[in-house]
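J.: give me a 3D structure for the following:
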Amino acid sequence: MNPPKNAKDPEEWKGFFDTFSDKHVTLVTVALGNDELLNTLVAKRRDMKTLRGLLPKGVNISDEEALDGIVLNEHNRRLAEEKQRSCFAKLAGITITPLLRALGFSLTEDVIWKRVKDTNTKIKELEQKEYDVSAVFVTFETEQGQRTALEAMNFSQVEVLTNTAITADPSALFRGNTVLNCSEAADPDAIRWNDLKCTTFEICIRQLLTFGVTCALVGLSGYVLFLTRIKVSTTIFSIILSATNSLVPMIVRILVSYEKHRREGAMQASLYVKVTLFRWMNAVIVTWLITPFLVTLGESSMDLISTINATMLSEMLLAPFLRYFDIMTLLDRHYFAPRAKTEAQMLSCFKGGWYNLAERFTDLTKVLLLCIFYSPFYPFIYFLGAATLFLQYWMDKFLLLRSWKRAPTVGADTPRFSRRYFSTAAIVIGVIGAGYAYARSPFTFLCSCREGDCDGLTDSTTFTNVSLLNSTVLESVETPTEGYYYCDQKYLGFPPIPSKQDYSLQWMTPSQEDLTRTFGWFCVAVVAIYGVYALFSPTIKLTLSLVTGVYEPKGIDQRKDFSSGVGIECFGYIPSLEVDGFHFPLLACNIDDVDVGLIKWKDPNHMKEDAHRQYDEHNLIFDVSRERRNAVFSAVKHFPPSWCSKTE
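T.: Numbers count the residues shown, from 1 in each chain. Here you go, the predicted model:
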């Protein structure tokens with residue numbers, strides 16, 4: 001929504017939306033634009049976690065007043081040990097260690113403690129600020145209540161931008177003068193709470209920058225693959241191809257972490273686009289572009305068919321192998337976990353390997369594109385593709401159940417995005433590639449001289465005393481020898497049909513012309529259908545949204561009360577942050593007015609009589625002064641129905 005900046009009272013929002021509900025509003029979350037404060041608090045938690053690992057076991061890290069002396073003693077002890085190190089260790093200390101510290105790694109305890117104290121000063125400054133409302137999440141008791149509210153506030157974008165209700169009922173205006181931009185929210189897990197404040201302009205600029213870096217990586221990878229295939233071998237080429245396709249999600253993930261997204265689904269879509277671009281270009285387009293035209297068909301190791309075969313075998317065997325032997329996960333479990341100084345550090349080493357649904361979908365579309373694009377040259381590729389998907393499915397299933405950590409719940413956004421744009425695009429690109437493959441055959445740059453087409457390029461041979469099968473003897477027989485001349489089969493316009501050949505440079509046989517004519521116009525039809533399905537329809541909907549509301553209910557009303565599933569299948573919009581290195585999310589709100597069943601997780605190591613207190617260690621509100629907690633953090637208030645209210 002686009003709420004008024006000072007509308008921080010959940011009771012006010014409940015009163016407004018109760019007018020549309022058939023029962024009542026159950027939960028209201030008023031999110032503040034306090035991302036700078038949240039990021040600073042998370043940075044402190046990370047530094048304190050790192051500091052805990054550098055100090056002796058048993059040190060009470062929460063007693064910050066006593067840490068000055070403890071850090072000083074540990075600093076002196078470390079300096080004394082460094083004086084007794086070997087020459088090799090001292091050499092590494094003056095060469096490699098400074099470089100690592102410049103990059104933020106291998107920091108000493110005194111440096112980290114100084115940074116923590118600087119962070120504390122910054123936190124005290126930030127908690128004195130007033131933060132505006134950035135979004136409001138309203139949970140209705142029934143699905144019908146939600147639909148009624150969305151239909152009542154189904155405004156056009158023009159009405160929202162100008163804050164002018166043209167055709168709306170005045171009762172649908174918040175405070176009687178504000179046109180709200182309401183939409184159905186994503187799942188609670190999919191909300192990125194520290195990015196809600198970001199503007200659309202900032203989001204787009206950051207995505208453009210990361211997309212440019214991704215394109216540069218594609219170009220660099222393509223150049224390396226070109227040198228490998230031309231100067232080394234296709235086997236090494238295919239190994240490097242599979243290795244880069246496995247490593248690129250980690251690189252792109254770092255790039256995407258720089259971006260801002262309000263929903264996890266939007267982040268997944270951005271990651272999907274970049275990983276798909278890299279993998280499609282590497283596996284299909286770059287391979288096709290760096291293959292010399294004259295070695296498209298052939299049996300040597302440098303020819304296209306041999307390269308495709310090696311690539312598919314590598315994707316079938318090497319890619320699942322690399323996913324199984326996740327180096328970072330193995331190091332966490334077998335090296336860092338036994339050396340952890342606290343139970344929390346040890347548990348964080350067993351969170352499991354990272355995976356992303358968007359990244360896994362790119363593997364599916366990549367194999368699909370490989371099969372369709374190269375099937376005219378190598379029909380057996382469909383069997384290799386089926387085997388590849390079969391092995392990848394079972395490897396992913398094993399890792400999902402045994403090794404990978406839980407991913408955020410993003411609903412059906414990623415599969416829908418993949419199916420609408422990229423799975424269909426893979427089929428379209430594959431069909432176009434097949435059309436050009438049929439049209440360019442036989443890939444020789446030679447046109448045969450037909451009768452009367454090229455005088456002077458044909459010759460004849462005379463044979464004398466030729467005996468026929470019926471014993472007839474001919475004194476002489478003259479046979480013409482067919483000639484050839486250069487013709488460019490590589491550069492055809494679109495669509496790839498016979499008429500695109502130059503009049504004097506025609507290499508297609510009559511049957512080939514019939515096939516390419518049919519297939520070429522089929523390519524045009526496929527492109528047109530894709531344009532209407534994937535591009536035209538969303539563009540029309542976007543245009544209509546400017547002048548009229550476009551909300552439509554999705555699915556069937558389940559007719560279930562929200563409160564009947566609390567703690568089982570219904571969870572609330574509780575602001576929290578997933579932070580790498582922490583076993584549980586970090587809460588960013590006061591949960592005293594909330595049923596803990598609305599929180600999707602529990603910490604079994606801190607179970608207490610008062611269920612709310614088990615979350616104190618994981619709540620960022622305790623890192624600021626008591627008197628400012630409610631002012632600088634998002635407000636969450638639960639309004640349970642009378643039949644499920646807890647009695648004291």
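J.: show me where this protein has its strands.
T.: Ranges of strands within the chain are 25-32, 133-140, 446-448, 459-467, 473-481, 484-486, 576-577, 586-587, 635-638, based on DSSP state E.
J.: got a list of what residue 257 touches?
T.: Listed by CB atoms under 8 Å, 6 or more residues apart in numbering, the contact set of residue 257 is empty. Yep, even glycine has a C-beta here, placed from its N, CA and C like the rest.
J.: which stretches of the stretch 401-550 of the chain have low pLDDT?
T.: 408-411, 448-463, 465-472, 477-485, 503-505 (pLDDT under 70).
J.: burial check on the closest residue in space to residue 643 that isn't next to it in sequence, number of neighbours?
T.: Of all residues not flanking residue 643 in the chain, residue 563 sits nearest, at 8.0 Å (CB to CB, 6 or more residues apart in numbering). Using other CB atoms under 10 Å, residue 563 has 24 neighbouring residues.
J.: state whether residue 563 and residue 638 are indeed in contact, as I suppose.
T.: No. The pair residue 563 / residue 638 is not scored as a contact, 9.5 Å apart, by CB atoms under 8 Å.
J.: need the overlap of contacts for those two.
T.: Joint contacts of residue 563 and residue 638 (CB under 8 Å, 6+ apart) are residue 26.
J.: kindly report the domain assignment for the protein.
T.: For the chain, the structural domains run 198-411, 446-509, going by automatic domain parsing.
J.: which among those is found nearest to residue 113?
T.: domain 198-411 (16.2 Å; CB to CB).
J.: where does that closest one sit relative to the chain's centre, distance-wise?
T.: 11 Å (CA atoms, centre = their mean, to the nearest Å).
J.: now stretch 117-133
T.: Distance, centroid of stretch 117-133 to centroid of chain: 32 Å (CA atoms, centre = their mean).
J.: next, the distance between the ends of it.
T.: Start-to-end span of stretch 117-133 (CA to CA, to the nearest Å) is 29 Å.
J.: confidence score at the residue nearest to residue 643?
T.: Looking at residue 563, its pLDDT is 85.
J.: same deal with residue 585?
T.: 89.
J.: cool, and the one 3 residues further on?
T.: Note on residue 588: pLDDT of 91.
J.: who's in contact with the residue nearest to residue 643?
T.: 26, 141, 570, 640, 641, 643, 644.
J.: mind checking how far the closest residue in space to the third one that isn't next to it in sequence is from residue 187?
T.: What sits nearest to residue 570 in space, not counting adjacent residues and going by CB to CB, 6+ apart, is residue 562, at 5.2 Å. From residue 562 over to residue 187 the distance is 14 Å, taken as CB to CB, to the nearest Å.
J.: neighbour-wise, which of the two wins?
T.: For residue 562 versus residue 187, neighbours defined as other CB under 10 Å are more numerous around residue 562 (24 against 17).
J.: surely that one touches residue 139?
T.: Yes. Residue 562 lies in contact with residue 139 (CB under 8 Å); the separation is 6.2 Å.
J.: thinking again about what came up before, want to throw the domains of the chain into JSON lines with distance to residue 420?
T.: Putting the domains of the chain into JSON lines (distance: least, CB to CB, whole Å) gives the following:
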{"stretch": "domain 198-411", "distance to residue 420": "11"}
{"stretch": "domain 446-509", "distance to residue 420": "24"}
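J.: can you say which of those is packed in most?
T.: domain 198-411 (a mean of 18; mean count of other CB atoms under 10 Å).
J.: coming back round to it: so what's the residue nearest to residue 570 up against?
T.: Residue 562 touches 26, 27, 139, 140, 141, 142, 570, counting by CB under 8 Å, 6+ apart.
J.: how about a cut-off of 6 Å?
T.: 26, 141, 570 (CB atoms under 6 Å, 6 or more residues apart in numbering).
J.: next, count neighbours for the second one.
T.: Going back to what we said before, that points to residue 141. Residue 141 has 22 nearby residues by other CB under 10 Å.
J.: excluding its backbone neighbours, what's nearest it?
T.: Nearest to residue 141 is residue 23, by CB to CB, 6+ apart, at 4.3 Å.
J.: I'd guessed that neighbour sits against residue 142; true?
T.: Yes. Residue 23 lies in contact with residue 142 (CB atoms under 6 Å); the separation is 5.4 Å.
J.: higher neighbour count, the two?
T.: residue 142 (20 against 15).
J.: what packs against the lengthiest helix in the chain?
T.: As assigned by DSSP state H, the longest helix anywhere in the chain is helix 200-231. Applying 3 or more CB pairs under 6 Å, 6 or more residues apart in numbering; DSSP states H and E, we find helix 200-231 packed against helix 234-257.
J.: pLDDT of the helix it packs on, averaged?
T.: Helix 234-257 comes out with an average pLDDT of 80.
J.: give me the most central residue, this structure.
T.: residue 271 (2.5 Å; CA atoms, centre = their mean).
J.: that one against residue 357, yeah?
T.: No. Using CB under 6 Å as the test, residue 271 is too far from residue 357 to be in contact (9.5 Å).
J.: joint contacts of those two?
T.: Going by CB under 6 Å, 6+ apart, no residue sits against residue 271 while also sitting against residue 357.
J.: contacts only, for residue 588.
T.: 38, 575, 620.
J.: need the residues you listed in CSV (columns: pLDDT).
T.: Formatted as CSV, the contacts of residue 588 follow (pLDDT from 0 to 100):
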residue, pLDDT
38, 92
575, 92
620, 92
